[in-house]
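S.K.: missing the sequence, but the structure's below:
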């Protein structure tokens, strides 16, 4: 984690690492100021396209919040 922080500290990829590692609750990160549209519990995952859910005949469930 430290290596990626140093390597990608000023790139947008850092945000996805924070989401993956569940570090968005870190007091050093002001998520409301940085990304005002971000909702925890919803925006950690992308929505599954409805066409894919239909092709799977109900085997896939939509991600929470979408």
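M.R.: Happy to help now that I have it. Predicted model only: the values in this text are computed from it and were never measured.
S.K.: what about residue 43, neighbour count?
M.R.: Residue 43 has 16 neighbours, counted by other C-beta atoms under 10 Å. Just so you know, the C-beta spots here come from the backbone N, C-alpha and C atoms, and that holds for glycine as well.
S.K.: where does residue 32 land on pLDDT?
M.R.: In this model, residue 32 is scored at 66, pLDDT.
S.K.: hang on, I meant residue 38
M.R.: Taking residue 38 on its own, its pLDDT is 75.
S.K.: Determine the number of other residues adjacent to it.
M.R.: 14.
S.K.: Residue 40 and residue 22 touch, don't they?
M.R.: No - the criterion here is C-beta atoms under 8 Å, and residue 40 misses it with residue 22 at 9.7 Å.
S.K.: Kindly list the main-chain dihedrals of the nearest residue to residue 65 once chain neighbours are set aside?
M.R.: Using C-beta to C-beta, 6 or more residues apart in numbering and skipping residues adjacent in sequence, the residue nearest residue 65 is residue 42, 3.0 Å away. In this entry, residue 42 is assigned phi and psi values of phi -120, psi -50 (degrees, to the nearest 10).
S.K.: can you check the one 10 residues further on too?
M.R.: According to degrees, to the nearest 10, the main-chain angles of residue 52 amount to phi -70, psi -40.
S.K.: before we move on, what about the one 10 residues further on?
M.R.: As for residue 62, its main-chain torsions (degrees, to the nearest 10) stand at phi -60, psi 150.
S.K.: For it, which non-adjacent residue is spatially closest?
M.R.: Leaving aside its sequence neighbours, residue 62 sits nearest to residue 48 (C-beta to C-beta, 6+ apart; 5.7 Å).
S.K.: Now do the contacts for that neighbour.
M.R.: Applying C-beta atoms under 8 Å, 6 or more residues apart in numbering to residue 48 gives the contacts 60, 62, 63, 66.
S.K.: per-residue confidence at the residue of the chain most remote from its centre?
M.R.: Going by C-alpha atoms, centre = their mean, the residue of the chain most distant from its centre is residue 57, 26.2 Å out. For residue 57, the model assigns a pLDDT of 91.
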